[in-house]
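1. predicted model, plus sequence, below.
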Amino acid sequence: MSYAIVRNEKLTRAEINGKGTHNNRKAKNHSNKDIDPTRTHLNYYIKKNEFTYTKEFDKYIKENNLQGHLRSNSIIMCQMIFTSDQAFFDKIGEKETKRYFGECYKFICNYKNLGEKNIISTVVHLDEGAPHMHLMFVPVVHTKDKEGNKIDKVCARDFWKGRDSYRKLQDAYFNHVKSKGFDLERGMFVEDTNRNHYTIEEYKKITNYDNTKKLLNEIKLELPEVPNINDISKFSIKRDEKILEKIVKPKDDLIKELYKDNLSLHKELTKQSKVIDEAQRYQN
């Protein structure tokens, strides 16, 4: 069964243009090798930004006279990514895939009364793994000032207020796409899985991925050539029995023990490396 997937990422001013470079395919050489340039022409916008994300934000603030005390490290935009697995999109076909992302867009326009004007850009990527949609929006809350006047202000903290804010988002999103006829399942709650969600780069650092890969390449799994004690004993005189027992045999046993340790280490490192590789594949 395929799952309805939505992710949210909070972004500061310093971070948003990097997202724009990726989302709008502005890079000359993509660091992401999963992007197929021969398919980039298939990507399409539901709402296209005219300028960079920072310029769009400054223009947006000026035109809408929004409130809020913004600092250099304030969250000024959020990026949502909507998708499912390739099997789901293969099953529903091109026309329904387009309708699916259209419904995702409508969902966010209405979520928490956000409004379409607060969405900066929405692009669907068909050139990078399973189809997915990047939606950039300003986290605007509709509230009142101290005098009781209605105001709109940029405040990601209030927009995502509550420890269960993402759970509510997942529930609302799943219910919406399900009601529109898409046969998807709701993923397990993080409270049930007790799982921390890391980015691939964070997980690589946690597991020391790069050094693991290097170690895997350097570990030697061939058992070194060692003297066979039985062969040596044929040429040994009785007075050399202590040498065999105290030196040769212990060395032989140690080498074999180290070989077993190497096998175990290689097995564990390979398992760890596969986790990263699989995570990278599923993220893509």
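-> On my side now, so go ahead.
2. where do the helices sit along the stretch 51-200 of the chain?
-> All helices of the stretch 51-200 of the chain, identified by DSSP state H, counting those that start in this stretch, fall at 53-64, 86-110, 156-159, 165-179, 190-193, 200-206.
3. tell me which of those helices sits nearest to P37.
-> Proximity to P37, assessed across the helices of the stretch 51-200 of the chain by CB to CB, is greatest for helix 86-110 (19.4 Å). C-beta coordinates here come from the backbone N, C-alpha and C atoms, glycine included.
4. what is the closest one packed up against?
-> Helices and strands touching helix 86-110, by 3 or more CB pairs under 8 Å, 6 or more residues apart in numbering; DSSP states H and E, are strand 44-47, strand 75-83, strand 119-125, strand 132-137, helix 165-179.
5. ok, the fourth one: who's next to it in the sheet?
-> Which is strand 132-137. strand 75-83 (antiparallel), strand 119-125 (antiparallel) (DSSP bridges).
6. what does the first one give?
-> With DSSP bridges as the test, strand 44-47 is paired with strand 119-125 (antiparallel).
7. could you tell me the angle between the strand it pairs with and helix 53-64?
-> 140 degrees (axes from the mean of the first three to the mean of the last three CA atoms, to 10 degrees).
8. contacts for strand 119-125?
-> 20, 23-24, 43-49, 53, 56-57, 60, 77, 98, 101, 105, 108-109, 131-138 (CB atoms under 8 Å, 6 or more residues apart in numbering).
9. list the buried residues of stretch 152-169.
-> D152, K153, V154, C155, A156, F159, W160, Y166, L169 (16 or more other CB atoms under 10 Å).
10. tell me what the second one is bridged to.
-> Beta bridges link K153 to Q67, V141, judged by DSSP bridges.
11. state the pLDDT value of it.
-> K153 is assigned a predicted lDDT (pLDDT) of 88.
12. the last one now?
-> Note on L169: pLDDT of 93.
13. got any ranges where the stretch 151-284 of the chain has weak pLDDT?
-> 187-244, 246-248, 261, 281-284 (pLDDT under 70).
14. any idea how far V177 lies from F88?
-> Look at V177 and F88: by CB to CB, to the nearest Å, they are 11 Å apart.
15. quick check: N118 touching L135?
-> No - using CB atoms under 8 Å, N118 is not in contact with L135, being 10.9 Å away.
16. okay, those two: which has more neighbours?
-> L135 (26 against 19; other CB atoms under 10 Å).
17. which ones are touching the more buried one?
-> Q79, M80, I81, F82, C104, Y105, I108, I119, S121, T122.
18. redo that, cut-off 7 Å
-> For L135, the contact set (CB atoms under 7 Å, 6 or more residues apart in numbering) comprises Q79, M80, Y105, I108, I119, T122.
19. show me what contacts the second one?
-> This points to M80. Residues near M80 by CB under 7 Å, 6+ apart: V6, R7, N8, I108, L135.
20. make CSV out of the residues you listed and add pLDDT and distance to L269.
-> Converted to CSV, the contacts of M80 look like this (pLDDT from 0 to 100; distance: CB to CB, whole Å):
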residue, pLDDT, distance to L269
V6, 92, 34
R7, 91, 29
N8, 93, 34
I108, 95, 42
L135, 97, 39
